[in-house]
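S.K.: any chance you can model this:
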Amino acid sequence: MTAKSAQEAPALVDGLGRKHLRRVLASSFLGSAIEFYDFVLYATAAAIVFGHVFFTGLGPGLAAFASFGTLAAGYAARPLGGIVFGHFGDRLGRKRVLVVSMLTMGLATTLIGLLPSSAQIGAAAPALLIVLRVLQGFAVGGEWGGAMTIALEHAPGGKRGFAASFANLGGPAGAVLASGAVTLASLLPDRSFLSWGWRIPFLLSLVLVAVGLWVRSSVEESPLFRRFQAEAAERRMPLAEVFAGHSRQVVLGLFAGLAMFGMMGIATMWAVDFAVGHGADRTAVLNAKTWAAVLMFGATVGSALLSDRIGRKPVMIAGIVAMMAFAFPMLRLVGSGSALGYAVAVAVGQGLQGVVLGPYAAFLAELFPTRVRFTGASLCYQGASTLWAGFTPAIAASLVLTAGGGTTLLGVVWIGALVVCLAAVLCTREGKGRDLPE
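M.R.: Purely as a prediction, here's the structure:
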């Protein structure tokens, strides 16, 4: 950073109280809320609805596996979305691509709610479901990186962790909305719920997108990006620069995120199907998910603020170690057949997820310079989400089937993955207190 730009920076971002910065944070919050609303909605429907609507004729185990397979298909598209949206976000600006990603994401979710069942159009129904899920995943791939980057680049140095966390704070809020919407719909008789009731929460996504676009339209471009705008327009391949100069950061940032996404995949997706299949009441399980998301919101806020005081790494390390200790107790609680057991498991599990989630946005952003921050952070975040959250439900179902219905093998694999996450965090530099790399 030149002396002139260093002097200009305080004038561009003089505190979190500025009216425009509040709009930026609101935009990031709403974007991630819609992302997680769509994600949790689809994941919940994959666990309790899609097997009955789109994969009829299969046994319960195969239907669940097929439903979770469509979930994984969407996750496979997320890194591609991160690359494409990141490319244009680092060349043309963060704001433009964020409008496109939000609109695409909401339309895909709404169309899922309008999709005919396999009883109506046969094999075309699951095929179209996969296409829409891939489109949804592609759009989501660009949302988080842009929302996080534009929030962090507007914030003063001492508040970067808190500002960047707004791209994550919307997650628990979106999860609460999605879980609450499905819970209300599930109060309908089973026949009505499986016929049309499950569609209502999907159609409501369009309302959330309209609100998000209205807020996002008033957001200005990141001040840090504006200083690099002329140079950015000349660069053709930010992705090539990321891999050429920052491949180590990509690997470490990606593996560091596996802890958070692993808990998400197990607690909020696979465990729902497993708990209900072992006798837990469906509505009670969905209620537990809703309240657990509230706890996760609080944990995310608290850990983000704490990371601005003591650093990103100590907070994330504490969360990962706690996840390792809770892995086997959580699996036993989920398999108890008790809604209370699942409630305790998901409450503690999502609370620990929030501990890691809070600092993770700033942790990633501080690994990459401004000129490739959108692309680099998106690669890490979406790559981690694909490898672990996207495939965890299907992997967990397979491991449990392989073990004859037991969860010991799943617990061993899960803890092994957490060890890798811990090593990745330990190998990175602490970003708190350092200037953002440019």
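S.K.: number of residues surrounding Thr408?
M.R.: Neighbour count of Thr408, defined by other Cβ atoms under 10 Å: 12. Yep, even glycine has a C-beta here, placed from its N, CA and C like the rest.
S.K.: for Ser205, same thing?
M.R.: 26.
S.K.: and the closest residue to it other than its chain neighbours, what does it touch?
M.R.: Using Cβ to Cβ, 6 or more residues apart in numbering and skipping residues adjacent in sequence, the residue nearest Ser205 is Thr109, 4.1 Å away. Taking Cβ atoms under 8 Å, 6 or more residues apart in numbering, we find Thr109 in contact with 38, 41-42, 136, 202, 205-206.
S.K.: can you do 6 Å?
M.R.: Going by Cβ atoms under 6 Å, 6 or more residues apart in numbering, Thr109 touches 38, 202, 205.
S.K.: and the longest helix seen in the chain, what's buried?
M.R.: Secondary structure of the chain per DSSP state H: the longest helix is helix 60-92. Across helix 60-92, burial judged by 16 or more other Cβ atoms under 10 Å covers 63-91.
S.K.: gap between Asn168 and Ser307?
M.R.: 12 Å (Cβ to Cβ, to the nearest Å).
S.K.: apologies, that question was intended for Ser218.
M.R.: 29 Å.
S.K.: next one: Thr290
M.R.: Distance from Thr290 to Ser307, by Cβ to Cβ: 26 Å.
S.K.: so, low pLDDT: which residues of this structure?
M.R.: Low-confidence segments of the chain (pLDDT under 70): 1-18, 20, 57-65, 155-158, 222-236, 390, 433-438.
S.K.: hmm, 50 instead?
M.R.: 1-17 (pLDDT under 50).
S.K.: I'd say Leu203 and Leu111 touch.
M.R.: No - Leu203 is beyond contact range of Leu111, at 9.7 Å (criterion: Cβ atoms under 6 Å).
S.K.: that older thread, distance-wise, check the residue nearest to Ser205 relative to Gln249.
M.R.: 32 Å.
S.K.: could you do Leu340 as well?
M.R.: On the measure of Cβ to Cβ, Leu340 and Gln249 end up 43 Å apart.
S.K.: which of those two has more neighbours?
M.R.: The neighbour comparison of Leu340 against Gln249 (other Cβ under 10 Å) goes to Gln249, with 22 against 12.
S.K.: mind listing what the more buried one touches?
M.R.: Leu367.
S.K.: run a quick neighbour tally on Ala397.
M.R.: Ala397, neighbours per other Cβ under 10 Å, totals 22.
S.K.: so where do the helices sit in the stretch 251-400 of the chain?
M.R.: Here the stretch 251-400 of the chain has its helices, by DSSP state H, counting those that start in this stretch, at 258-265, 271-277, 282-310, 312-334, 339-365, 373-384, 392-402.
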